[in-house]
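S.K.: what follows is a predicted protein model with its sequence.
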Amino acid sequence: MYTSRRNFIKKGALALAATGLATRSLFALKPGEELVGLQLYSVRTEMKNDPLGTLKQLAAMGYKHVEHASYTDRKFYGYGAKEFKKILEDLGMKMPSGHTVLGGKHWDASKKDFTDLWKYTVEDAAIAGQQFVISPSLENEYRKTADDLLRFMDVFNKSGELCKKSGMKFGYHNHAFEFSERLDGKVVYDIMLQNTDPGLVIQQLDIGNLYNGGAKAIDIVTKYPGRFESMHVKDEILAKQGDEKYESAVLGTGIVNVKEVIDLGRKSGGTKHFIIEQESYQGKTPIACMKENLDVMKKWGYK
């Protein structure tokens, strides 16, 4: 859900180190290879309390790819990039993507260059074997006016250029505001997609979050064919609490028509990474939900 993710992002603001240059990625997947993965925010409490034990449980279920939601002080869940990659490899897993917000502390407008904080972020992503470096939010200051947003989309493109030097791409993951907010009469998401280079900036469409912004996933994939190299595979039901209308649920139990959306992504959306995410559990344990979700994806022909 948008509120929960945004609050998590704010609370987990990065405190990264100083200088660094991007290194070449050792990412083992071939470009364009299809995969199913899990956004580890889905098991955030478990990863906080016992990251190794949680990863072992996920590997035993059959998960082979994960996407991080924790990068602080140059560490993923408390481990350096090389160490975390080794942990995953020992479990038969890889981390093709991860979430780290690109914000004001990462761009020096006076120098027209990224700060060392972002350079280290990209460097560590490459060391860990990522293919995509994804920003999962857009700070308010960059969407006050259309001009503000356009200037920051140029930073997005520059981040894509920086990631490209390490064999990766930069990406953006939506919530709900991108579809509910307008600037100069245009939907924020339209401005973003129309002013980023698809060769440098991928879109990771969260097919559930946008429902709280009044949009439908199938319409967005149809409108922008080929733009969604990654998707957050998510279903939504009416929320029983909180300030949003919908909350996430086990795949196939809600209103998203998930299989139709991901099938279209596979056919014409350019989608190769199908990343499961669930943030609300309706009384079940997160781990049990992740097993159900993976089983549903396999039943639908995604492995």
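M.R.: That came in fine, so what should we check first?
S.K.: remind me which residues of the chain are low pLDDT?
M.R.: 1-31 (pLDDT under 70).
S.K.: output the longest helix belonging to it.
M.R.: helix 146-164 (DSSP state H).
S.K.: which residues are contacting it?
M.R.: For helix 146-164, contacts defined as CB atoms under 8 Å, 6 or more residues apart in numbering pick out 22, 102, 107, 114, 118-119, 122, 125, 133, 135, 138, 141-143, 169-170, 172, 183-184, 186, 188, 191-192, 195-197, 199-201. For glycine as for every other residue, the C-beta is placed from the backbone atoms N, C-alpha and C.
S.K.: out of the residues you listed, which are inside helices?
M.R.: Counting by DSSP H, the contacts of helix 146-164 place W118, K119, V122, A125, V188, I191, M192 in helices.
S.K.: which of the residues you listed are buried?
M.R.: Buried subset of these (neighbour count, 16 or more other CB atoms under 10 Å): W118, K119, V122, A125, V188, I191, M192.
S.K.: check contacts around the nearest residue to D124 once chain neighbours are set aside.
M.R.: Spatially, and ignoring its direct neighbours in sequence, D124 is nearest to A81 (4.2 Å; CB to CB, 6 or more residues apart in numbering). Taking CB under 8 Å, 6+ apart as the criterion, A81 is in contact with R74, D124, A125, I127, A128.
S.K.: same question, T100
M.R.: Counting by CB under 8 Å, 6+ apart, T100 has contacts L14, Y71, T121, A125, V133, I134, S135, P136.
S.K.: picking that back up, which of the ones in helices among the contacts of helix 146-164 sits closest to A59?
M.R.: A59 lies nearest to A125 out of the ones in helices among the contacts of helix 146-164, by CB to CB, at 21.4 Å.
S.K.: quick check, the closest one in contact with S135.
M.R.: No. Using CB atoms under 8 Å, A125 is not in contact with S135; the gap is 11.7 Å.
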